[in-house]
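Novice: okay, predicted coordinates and the sequence, questions at the end:
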Amino acid sequence: MNKLLDQIRENVTQTQVWKSIFRHGYPNTDANRALVMFSNVILHLHPVRVRRGALKIKFTWCLGGLTFFFFVLLAVTGVFLMFYYVPDTRRAYNDIKDLGTVIYFGSLFRALHRWSAHAMVFSVWMHMTRVFLTGSYKPPREFNWVVGVILLVVTLVMSWTGYLLPWDQLALWAVTVGSKMAEATPLVGNAGPFGPELGMTINNDVAFVLLGGTVVGQSALLRFYVLHCLGLPLVMALFMAVHFWRIRKDGFSGPL
């Protein structure tokens, strides 16, 4: 019986189909263990060699990994919501209502998207706090710390741009307050320090560029939709790739 099983395994593992998928042997040697890491698209993100203590999930709860998980969940649920949402001020609010009353599983996917967004903001804040308190921003990881700060800012901006899409009172006033804060930005805001001296007015400052006008309307909704669904996720994916690449080069700073 054992000889028959060995023969079957031999026949299967020697086929071209098997070799095209598995390009290394069983990982019972250092060379094969390294090949497993190099040839796997997920494991390739991690360093080949890590300290045993770095693989323990302790008080840090793998917050960086959780943040990435919430990002993937947001992308999946966001694509589903895009099928039923049109960034038009005449129907955006009704589209959101239809998700909860007409579309099958619409309320489930919207709730997943909303709570994942909250969870991602929370987890990225906690991740940055852990990195700061444990001194993991120090050399050789100072470059990756800067990349992490950029990812934090992009996460907050992406969360803010998503606020406008339901097109209700909360969305309108949240973005109105945010645009007024943008007007006070130094150098590029018409009400900010050195803004008027540099020629900034309500018709050419950063708030105007953001809203596509001087009030929150159709242009603002379209711009926020494109930023939220395409522009900012692409920027985040790019910086995440750099972030993971630096983790692979620098190694884990401590427990996951």
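Specialist: Ah, there it is.

Novice: and the residue nearest the centre of the chain?
Specialist: Centroid check for the chain by CA atoms, centre = their mean gives Phe71 as the closest residue, at 4.0 Å.

Novice: just the strands in the stretch 51-200 of the chain please.
Specialist: In the stretch 51-200 of the chain, no segments count as strands under DSSP state E, counting those that start in this stretch.

Novice: Met1: neighbour count?
Specialist: By other CB atoms under 10 Å, 5 other residues sit near Met1. Quick note: C-beta positions are derived from backbone N, CA and C, even for glycine.

Novice: actually Trp145, not the one I typed
Specialist: Other residues close to Trp145 by other CB under 10 Å number 17.

Novice: pretty sure it contacts His127?
Specialist: No: contact between Trp145 and His127 fails when scored by CB atoms under 8 Å: they sit 11.4 Å apart.

Novice: and Thr201, what element?
Specialist: Counting by DSSP states H and E, no helix or strand carries Thr201.

Novice: excluding its backbone neighbours, what's nearest it?
Specialist: Asn190 (5.3 Å; CB to CB, 6 or more residues apart in numbering).

Novice: what separates the one you found from Arg23, distance-wise?
Specialist: Distance, Asn190 to Arg23, by CB to CB, to the nearest Å: 59 Å.

Novice: of these two, who's got more company?
Specialist: Comparing Asn190 with Arg23 by other CB under 10 Å, the one with more neighbours is Asn190, at 21 against 10.

Novice: any idea of the pLDDT on that one?
Specialist: We have a pLDDT of 90 for Asn190.

Novice: and Val41, by the same measure?
Specialist: Val41 carries a pLDDT value of 66.

Novice: could you do Gly251 as well?
Specialist: Looking at Gly251, its pLDDT reads 76.

Novice: so which residues of this structure form helices?
Specialist: Per DSSP state H, the chain carries helices over the ranges 2-13, 16-21, 30-39, 63-82, 92-101, 106-133, 142-164, 169-183, 206-211, 218-226, 232-250.

Novice: need the ones you listed in a markdown table (columns: distance to Met200).
Specialist: Shown next, in a markdown table, are the helices of the chain (distance: least, CB to CB, whole Å):
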| stretch | distance to Met200 |
| --- | --- |
| helix 2-13 | 68 |
| helix 16-21 | 58 |
| helix 30-39 | 51 |
| helix 63-82 | 34 |
| helix 92-101 | 30 |
| helix 106-133 | 30 |
| helix 142-164 | 21 |
| helix 169-183 | 9 |
| helix 206-211 | 8 |
| helix 218-226 | 19 |
| helix 232-250 | 24 |
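
Novice: looking at the ones you listed, which one has the lowest mean pLDDT?
Specialist: Minimum mean pLDDT among those: helix 30-39, a mean of 75.

Novice: gap between Tyr85 and Gly162?
Specialist: With CB to CB as the criterion, Tyr85 and Gly162 are 11 Å apart.
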